[in-house]
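Chemist: Generate a structure from the sequence data that follows.
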Amino acid sequence: MADRRFAYFRGKFVPIEEANINIQTNSFHYGTAVFEGIRAYWNEEHKQLYGLFFKEHYERMLNNCKILNLQPGLSVEELVNITVELLKLCKHQEDTYIRPIAYFSDLKISPKLVGYKTELAIYTLPLGDYLDLSKGIKVKTSSWNRINDNMISARCKVAGAYVNSALAKTEAILSGFDEAIMLNPDGTVAEGSGENLFIVRNGKIITPPLSGNILEGITRNAVIELAKNELGIEVEERDILRSEVYVADEVFLTGTAAQITPVLQVDHVIIGDGTVGKITKRLQEVYFKAVKGENEKYAHWLTPVY
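Modeler: Predicted structure coming up:
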């Protein structure tokens with residue numbers, strides 16, 4: 001376990017309890033912050049903490065910052081190095097979640113994206129499984145539509161946009177489900193509240209396209225690569241209708257936090273035979289070997305911390 005928690009805040013490493021913002025902070029009021037969710041996996045045999053897709057996450061974050069005119073003033077390489085130093089400082093020896101966030105730090109009231117100073121903060125915390133990976137979960141099709149790209153882009157992890165996700169997930173939980181599936185206004189499937197979605201039909205893996213108001217998922221990309229290289233299955237990216245999910249042989253969600261989470265029930269429809277599917281299970285196996293540094297073919301995904 002980490003001996004003590006630290007954060008990167010206002011350009012330096014400080015104890016986590018000192019990494020605080022003023023209640024007048026502009027982005028706190030208007031949700032004009034961009035964040036990432038990153039994982040590092042502890043391998044007890046190797047005595048090593050492997051950072052997963054550090055470069056890719058920070059590339060996405062800096063691209064997303066452009067949409068909100070946030071200017072962190074740090075390169076991808078600098079952000080990766082800061083993250084490695086923070087993890088070392090915290091002495092993590094367990095699976096760990098990393099949360100970088102860029103925001104407007106000015107103590108001013110006005111919902112705009114110009115004339116403000118950008119700050120960047122990073123903190124870490126131990127994190128195991130976000131959803132049940134072994135038994136699978138039940139999901140509900142939400143009455144809340146996914147936000148449209150011409151409103152707030154779903155490809156961009158904007159803090160304020162996650163009200164959309166929170167409404168959907170809360171509705172699902174209060175209805176007795178674990179997670180939500182969100183539809184686009186035209187009725188096509190978008191994604192979960194914080195995960196990309198895949199279905200399996202007749203041995204084929206299918207997922208909504210990037211043009212379908214979804215996050216450009218880094219775990220999504222990894223699963224597509226593993227399906228092709230390890231399972232010999234091509235992934236088709238196309239629109240999926242709600243009823244097609246009901247008749248799928250398997251359904252699973254992917255994301256940095258969710259990893260590869262099997263879905264056993266959608267609304268009140270049992271998926272397949274109601275157990276974790278063979279393709280989903282096989283993808284989980286090859287994914288966890290890769291992210292824990294047990295498959296040299298995917299060493300380029302990883303940044304060793306120690």
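Chemist: so residue 167 touches residue 147, yeah?
Modeler: No. Contact criterion Cβ atoms under 8 Å: residue 167 and residue 147 do not qualify, at 10.7 Å. Bear in mind the C-beta positions are built from the backbone N, C-alpha and C, glycine included.
Chemist: What is the helix or strand harbouring residue 41 packed up against?
Modeler: Here residue 41, judged by DSSP states H and E, is contained in strand 38-43. With contacts taken as 3 or more Cβ pairs under 8 Å, 6 or more residues apart in numbering; DSSP states H and E, strand 38-43 sits against strand 48-52, strand 96-104.
Chemist: Distance from the chain centre to that strand, please.
Modeler: In terms of Cα atoms, centre = their mean, to the nearest Å, the gap separating the centre of strand 38-43 from the centre of its chain is 14 Å.
Chemist: Need the residues that contact that strand.
Modeler: By Cβ atoms under 8 Å, 6 or more residues apart in numbering, the list of residues contacting strand 38-43 from outside reads 48-54, 57, 83, 87, 92-100, 127, 256-257, 291-294, 305.
Chemist: So residue 58 sits against residue 82, correct?
Modeler: No. The criterion here is Cβ under 8 Å, and residue 58 misses it with residue 82 at 9.7 Å.
Chemist: Those two: who's more crowded?
Modeler: Between residue 58 and residue 82, counted using other Cβ atoms under 10 Å, residue 58 has the larger neighbour count: 23 against 18.
Chemist: Make sure that one is indeed in a helix.
Modeler: Yes. Judged by DSSP: H, G, I helix; E, B strand; the rest coil, residue 58 forms part of a helix.
Chemist: tell me the contacts of it?
Modeler: Neighbouring residues of residue 58 by Cβ under 8 Å, 6+ apart: 36, 76, 79, 80, 100.
Chemist: So which of those sit within strands?
Modeler: Of the positions in the contacts of residue 58, residue 100 sit in strands, assigned by DSSP state E.
Chemist: ok, the contacts of residue 58 vs residue 151, which is closest?
Modeler: For the contacts of residue 58, the closest approach to residue 151 (Cβ to Cβ) belongs to residue 36, at 21.3 Å.
Chemist: Can you report how many residues neighbour the closest one?
Modeler: Residue 36 sits with 22 neighbouring residues when counted by other Cβ under 10 Å.
Chemist: So for residue 167 and residue 147, which sits in the more crowded spot?
Modeler: Counted by other Cβ under 10 Å, residue 167 and residue 147 do not tie: residue 147 has more neighbours, with 21 against 16.
Chemist: Helix, strand, or coil at the more buried one?
Modeler: coil.
Chemist: does it really touch residue 163, like I thought?
Modeler: No. Using Cβ under 8 Å, residue 147 is not in contact with residue 163; the gap is 9.3 Å.
Chemist: shared neighbours, those two?
Modeler: If you check residue 147 and residue 163 against Cβ under 8 Å, 6+ apart, no residue is contacted by both.
Chemist: Nearest residue to residue 255 in space, please, no chain neighbours.
Modeler: Among residues not flanking residue 255 along the chain, residue 195 sits closest, at 4.0 Å (Cβ to Cβ, 6 or more residues apart in numbering).
Chemist: Equivalent analysis for residue 80, please.
Modeler: residue 54 (4.7 Å).
Chemist: what about that neighbour, neighbour count?
Modeler: The local packing of residue 54 (other Cβ under 10 Å) involves 25 other residues.
Chemist: In contact with it, which residues?
Modeler: Applying Cβ under 8 Å, 6+ apart, one finds that residue 54 lies in contact with 38, 79, 80, 83, 84, 303.
Chemist: Relative to residue 159, how far out is residue 64?
Modeler: Distance of residue 64 to residue 159, computed by Cβ to Cβ, to the nearest Å: 11 Å.
Chemist: what residues are shared contacts of these two?
Modeler: residue 34.
Chemist: Phi first, then psi, for the spatially closest residue to residue 139 that is not a sequence neighbour.
Modeler: Leaving aside its sequence neighbours, residue 139 sits nearest to residue 179 (Cβ to Cβ, 6+ apart; 4.6 Å). For residue 179, the backbone dihedrals (degrees, to the nearest 10) come out as phi -160, psi 170.
Chemist: With residue 153 instead?
Modeler: As for residue 153, its main-chain torsions (degrees, to the nearest 10) stand at phi -60, psi 130.
Chemist: quick revisit: strands paired with the strand holding residue 41, and their directions?
Modeler: Under the criterion DSSP bridges, strand 38-43 sits next to strand 48-52 (antiparallel), strand 96-104 (antiparallel) in its sheet.
Chemist: Rebuild those as TSV, extending it with mean pLDDT, distance to residue 71 and mean neighbour count.
Modeler: Shown next, in TSV, are the strands paired with strand 38-43 (pLDDT from 0 to 100; distance: least, Cβ to Cβ, whole Å; neighbours: other Cβ atoms under 10 Å):
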stretch	mean pLDDT	distance to residue 71	mean neighbour count
strand 48-52	98	25	22
strand 96-104	98	8	22
